[in-house]
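S.K.: sequence and predicted structure below; questions after.
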Amino acid sequence: MAFLIAILAGVAYGGADQYLGSLRPMVLLGSWTPTASQMSAPWLLLPFVLGSTQVHAQRAMVLGFVTTQAALVGYFAMTLSPIEGVPLEGVPAFAVALLHENAVYIVGGLVTGPLYGLLGQRWRVRRWWVSATLVAGALCLEPGARVAAGRLFPPSVVWAAEVALGAVIAVYFAQRLLSHRRVTVA
């Protein structure tokens, strides 16, 4: 059942992320949607969360892998869909080009999916501080990394929201670590 949930959640997340990025600025939405879609750190949260449901490390890693690859499938499927204006007869050629252009993300997902699945499991089983640091750090540090790479796109409110989410998650992890240590010491 966990793998079915991982596949469904991954496909839904990837498709929604791609669709969010394709929305044109509107009066109600503003211009934040393409920028929010380009954030990388939230892609690490899904395998972490699903990995944190597991007791065994190997199963968490496989679940993280499946989740991330399913998210990529959802993203690519939405990209190649008629919803995005791709004619059905053009899908094979576009798919080859899309996979080639996104090879770095596919390979990255082969590493980060299992890694963050394992980090989620380590957090569940041992309240491992490294897990907390890498999750919160990814959210808090992505804007700085994008500035260094010259790829921080406006509006800045999106990046501020990502850092704020990272800070909230860091506080949550710190609180959980402290309460866990109190329990283990007592």
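M.R.: Looks like it arrived, so ask away.
S.K.: what packs against the helix or strand of the chain with the lowest mean pLDDT?
M.R.: Lowest by mean pLDDT, DSSP states H and E among the helices and strands of the chain is helix 32-37, with a mean of 84. Helix 32-37 sits against helix 2-22, helix 156-185, with contacts defined as 3 or more C-beta pairs under 8 Å, 6 or more residues apart in numbering; DSSP states H and E. Placement of C-beta: from N, CA and C, glycine included.
S.K.: out of those helices, flag the one nearest residue 46.
M.R.: helix 2-22 (5.6 Å; C-beta to C-beta).
S.K.: now that closest one: buried residues?
M.R.: Within helix 2-22, the residues that count as buried by 16 or more other C-beta atoms under 10 Å are 6-7, 9-11, 13-15, 17-21.
S.K.: from those residues, which is closest to residue 36?
M.R.: For these, the nearest to residue 36 is residue 20 (6.1 Å; C-beta to C-beta).
S.K.: in space, what's closest to the closest one - neighbours in sequence excluded?
M.R.: Closest residue to residue 20 apart from its sequence neighbours, by C-beta to C-beta, 6 or more residues apart in numbering: residue 37 at 4.5 Å.
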